[in-house]
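In: Model the structure of this input:
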Amino acid sequence: MLTTIPLVIIGATDLAAAFLFMYGLKRMSSPMTAPSGIFAAGIGMLVAVVASFLYVFTIGEATRPYLLTNIGLAVVALVIGGGIAWWSGKRVAMTAMPQMVALYNGMGGGAAGAIAAVELFGGKAQGITSLTVTLIGALIGAVSMSGSLIAWAKLDGVIDQPWRFKAQQLVNALALLVTILVGGYITLATQGTITPIVSLPMLIAAFFVCALIFGILMTVPIGGADMPVVISVFNAFTGLAVALEGFVLQKPALMIAGMVVGAAGMLLTLLMAKAMNRSVSNILFSNFGATVHQKQGDIQGSLRPVDAGDAGIAMRYAASVIIVPGYGLAVAQGQQKLYEFVKLLQGVGVKVRFAVHPVAGRMPGQMDVLLAEAGVPYDLILQLEDINDDFASTDIVLVIGANDVVNPAARSDRTSPIFGMPILNADKAKQVYVVKRGEGKGYAGIVNTLFYAENCNMVYGDAQAVLIKMIEAVRPLGQAAA
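Out: Alright, predicted model coming up:
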């Protein structure tokens, strides 16, 4: 009875946690309900963690002497991990959110790999099915961990260029093949089919080393423009690894949480790849995002800078304005001033909407979160497919810190790395104002031909400072915002 009751409670709490995970994920589909969704999923995780301590009532006599030590280690790990997460979550800036997501995603993959390591080194994975699933989970978890760390380094500027060399894809394929062969050798050795030439622990360690190296080799050649998709891919990998290890341990909470995260991550990856008009394999195994050196003579037209105040006044007297936010807005922390400016325009009858590209920013959904943080109503935030046809009938488009997602080269230049990627049709508006710090290129490293178009003017400066000037120019002209 003392063993059955805790197991029943654990099963019930796992079911409740699974419901909270799925409910939270559903709520996260909208920026308006995402905070409550995150809170619900967090409660589900807390419930699952607390319930796991009930396993102390089911342990055997052989492990009972280590009970207090293991409980103590678990509590210390939770306190340290929870404390660091709370502290870093409070302090992280919006611009650093992609790096934090990549880092924590890597930790999730590492945790799945660590579970697999315990099973393998302890000889707990018995049977061909259990051993195979454990090794697959270990491979995916290790790849997610090392790959996510490289993604973090790229996003944080520690690695500022893709690392490529001749025959790189062949080297990557060989690294994966060696990892799989070592895993197969471990399986045969564990089942007694062959006699290993080295000790089993050394083989397991070699397997993890190979998997980690493959994760690094897989990620280093991928360019910066693909980082949002890479983060999503590794998120799916982490979820799949957790689900596989949950299957090995027969823990429903791990299986359900892993499958939900893996499925959501893979769906998001496919949607983002579709938004870029490319396959996932093309993203992972091509040179997209490489720095492209374009000659100035290849670009027709010239850059035409204007004063921020003049651009603001022009929008004040427009009938319709579409705003395209980008990573530069996040860097400048200008979202609050942007919405203040928008309310001034709305106060005098200007129709203002926001257009968000699926891969804008450095991670999926970053622009939606940024605008929601400033209090922008969700019905004003439209996705590419919902607003793209409206640009042609719009008076003014204000592009703030965005680059590649409004580059017409994606439609016309077959030599461009972004050719074929659906873009926001900002260039089709009557007038375009682009807010940028300088004349630098976007994350894909290519020149934006929109900036040289006849209907485009550049407003140079920090986004927040520019928006303050626009507000100061517009506010004295008439009716205040409602």
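
In: Go ahead and confirm Phe214 touches Asn172.
Out: Yes - assessed by C-beta atoms under 8 Å, Phe214 is found in contact with Asn172 at 7.0 Å. Heads up, the C-betas are built off the backbone N, CA and C, glycines and all.

In: In terms of neighbours, single out the busier of these two.
Out: Phe214 (25 against 19; other C-beta atoms under 10 Å).

In: which residues of this structure fall in strands?
Out: 320-325, 351-356, 381-383, 396-400, 431-436, 456-460 (DSSP state E).

In: elements contacting the last one?
Out: This points to strand 456-460. Judged by 3 or more C-beta pairs under 8 Å, 6 or more residues apart in numbering; DSSP states H and E, strand 456-460 is in contact with helix 308-316, strand 431-436.

In: Same question for the first one: list its buried residues.
Out: Yep, that's helix 308-316 we're talking about. Ala308, Gly309, Ala311, Gly312, Ala314, Met315, Arg316 (16 or more other C-beta atoms under 10 Å).

In: If you count neighbours, what's buried in stretch 358-377?
Out: Buried residues in stretch 358-377 (16+ other C-beta under 10 Å): 358-372, 374, 376.

In: hmm, back to that, deepest in the core, which of the strands of the chain is it.
Out: Mean neighbour count (mean count of other C-beta atoms under 10 Å) peaks for strand 396-400 among these, with a mean of 28.

In: got the angle for that one vs helix 308-316?
Out: Between the axes of strand 396-400 and helix 308-316, defined by axes from the mean of the first three to the mean of the last three C-alpha atoms, to 10 degrees, the angle is 140 degrees.

In: As PDB, could you dump the C-alpha coordinates of strand 396-400?
Out: Provided in PDB are the C-alpha atoms of strand 396-400 (Å, rounded to 0.1, in the frame of the first residue of the first chain):
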ATOM      1  CA  ILE A 396       3.500  55.500 -45.800                       C
ATOM      2  CA  VAL A 397       5.500  52.500 -44.500                       C
ATOM      3  CA  LEU A 398       7.800  53.000 -41.500                       C
ATOM      4  CA  VAL A 399      10.500  50.400 -41.300                       C
ATOM      5  CA  ILE A 400      12.300  50.400 -38.000                       C
END
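
In: which helices and strands sit right next to it?
Out: Strand 396-400 packs on helix 308-316, strand 320-325, strand 431-436, going by 3+ C-beta pairs under 8 Å, 6+ apart.

In: got the helices and strands packed on strand 456-460 as CSV, with mean pLDDT columns?
Out: Output for the helices and strands packed on strand 456-460, formatted as CSV (pLDDT from 0 to 100):
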stretch, mean pLDDT
helix 308-316, 94
strand 431-436, 94
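
In: Of all the ones you listed, which one is nearest Ala463?
Out: Closest to Ala463 of the helices and strands packed on strand 456-460 is strand 431-436 (C-beta to C-beta; 5.4 Å).

In: Partner strands of the closest one, with direction?
Out: strand 396-400 (parallel), strand 456-460 (parallel) (DSSP bridges).

In: how about JSON lines for these, with distance to Met470 and mean pLDDT added?
Out: Output for the strands paired with strand 431-436, formatted as JSON lines (distance: least, C-beta to C-beta, whole Å; pLDDT from 0 to 100):
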{"stretch": "strand 396-400", "distance to Met470": "9", "mean pLDDT": "95"}
{"stretch": "strand 456-460", "distance to Met470": "9", "mean pLDDT": "93"}
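
In: Leu25: which of these is closest?
Out: Closest to Leu25 of the strands paired with strand 431-436, according to C-beta to C-beta: strand 396-400, at 30.2 Å.

In: Asp389: neighbouring residues, count only.
Out: Residues lying near Asp389 (other C-beta under 10 Å) number 10.

In: Now for it: which residues touch it?
Out: Asn425 (C-beta atoms under 8 Å, 6 or more residues apart in numbering).

In: try it again with 7 Å
Out: If you count contacts by C-beta atoms under 7 Å, 6 or more residues apart in numbering, Asp389 has none.

In: confidence score at it?
Out: pLDDT recorded at Asp389 is 92.

In: now it: how far from Met315?
Out: Separation of Asp389 from Met315 (C-beta to C-beta, to the nearest Å): 21 Å.

In: same check, this time on Thr394
Out: Taken as C-beta to C-beta, the span from Thr394 to Met315 is 11 Å.

In: ok, now Pro377?
Out: Pro377 is 19 Å from Met315, by C-beta to C-beta.

In: Pipe the strands paired with strand 431-436 into JSON lines and attach distance to Gly60 per row.
Out: As requested, the strands paired with strand 431-436 are exported to JSON lines (distance: least, C-beta to C-beta, whole Å):
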{"stretch": "strand 396-400", "distance to Gly60": "62"}
{"stretch": "strand 456-460", "distance to Gly60": "70"}
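
In: Break down the stretch 1-150 of the chain into its helices, ranges please.
Out: For the stretch 1-150 of the chain, the helices defined by DSSP state H, counting those that start in this stretch occupy 4-27, 34-52, 67-91, 97-121, 128-155.

In: Quick one: mean pLDDT for the third one?
Out: Which is helix 67-91. 87.

In: Run a quick neighbour tally on Val406.
Out: Val406: 27 neighbours (other C-beta under 10 Å).

In: Correction: the previous question concerned Gly137.
Out: 27.

In: Which residue is the nearest non-sequential neighbour of it?
Out: Leu244 (3.4 Å; C-beta to C-beta, 6 or more residues apart in numbering).

In: Please apply the same query to Ala473.
Out: Gly309 (3.5 Å).

In: so the one you found touches Lys469, yeah?
Out: Yes - assessed by C-beta atoms under 7 Å, Gly309 is found in contact with Lys469 at 5.4 Å.

In: quick one, what contacts Val324?
Out: Residues in contact with Val324, defined by C-beta under 7 Å, 6+ apart, are Ala355, Val397, Val399, Ile400, Ala402, Val406, Leu424, Ala426.

In: Now do the contacts for the last one.
Out: To tie it back to what came earlier, the one meant is Ala426. Ala426 touches Val324, Phe391, Val397, Val399, Val406, Val432, Leu450, counting by C-beta under 7 Å, 6+ apart.
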